[in-house]
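Colleague: show me the folded form of this:
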Amino acid sequence: MRWQVPLVISLALFVAVSCDQQPVGPQAEEVTAPAFNGGHGNPVVHRATLAGADANIWYPPGDAAFSIIALQFADGTSRGQWSDPFYVEPGGPPCGLHVAVDCLNVVGNTAFISGYVTQDKCGEAVGLPAYTQLVDNGPAEDDLMSRSFVGLPFDCTAQIDLGPHGLLHTPRNGQVIVK
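Modeller: Residues are numbered from 1 along each chain as shown. Sure, this is the predicted structure:
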């Protein structure tokens, strides 16, 4: 019982002193817009995604499932990947590319994305540059996507708009998100 009285008195003093100080909120310079954390103070500033069956480009109802995730960080670097399975001919063997993204350029609702082919199931494109474009027209509108273009001599900073050339198509399902 002897040790309980000093303990109660000590706790009471601690609470009294602690409650005497006013709470401090974040300072204005500490409040920033929410961002995805790219790790070690390098937040994500832009992202582009699409997952779903691709457009009816070659063989309706679309080749296969196209998926992409591309991130651009505050320091200007980009990373991500995309997968573009396709068929050379109906009923033929499945082919497809896997691309490591190294460039994302977002202009308004349009994402220009490029990288290098890391896998090619039916050819010899490994190591070649690849390029694609996504357009986010909102949830109630038809988004647009291009197929994967391989071996072109430019990257996403060139902002080659494929729309005026008839090379953008509506995905069958899934949604393009460009932020």
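
Colleague: so what pLDDT did Asp54 get?
Modeller: Listed pLDDT for Asp54 reads 55.

Colleague: so where is the chain shaky, pLDDT-wise?
Modeller: Within the chain, the stretches with pLDDT under 70 are 1-40, 52-64, 87-91, 140.

Colleague: what's the burial count for Ser148?
Modeller: Residues near Ser148, counting by other Cβ atoms under 10 Å, number 22. For glycine as for every other residue, the C-beta is placed from the backbone atoms N, C-alpha and C.

Colleague: oh, and call the first residue 281 from now on, that's how I've got it
Modeller: Renumbered: residue one is now 281, and that last one reads Ser428.

Colleague: now it, nearest residue through space, not along the chain?
Modeller: Asp364 (4.4 Å; Cβ to Cβ, 6 or more residues apart in numbering).

Colleague: please confirm that the one you found is located within a strand.
Modeller: Yes. Assignment of Asp364 by DSSP: H, G, I helix; E, B strand; the rest coil places it within a strand.

Colleague: wait, it sits on Leu330?
Modeller: No. Here Asp364 does not reach Leu330: they are 10.6 Å apart, not a contact under Cβ atoms under 8 Å.

Colleague: now for those two: what residues contact both?
Modeller: Phe346 (Cβ atoms under 8 Å, 6 or more residues apart in numbering).
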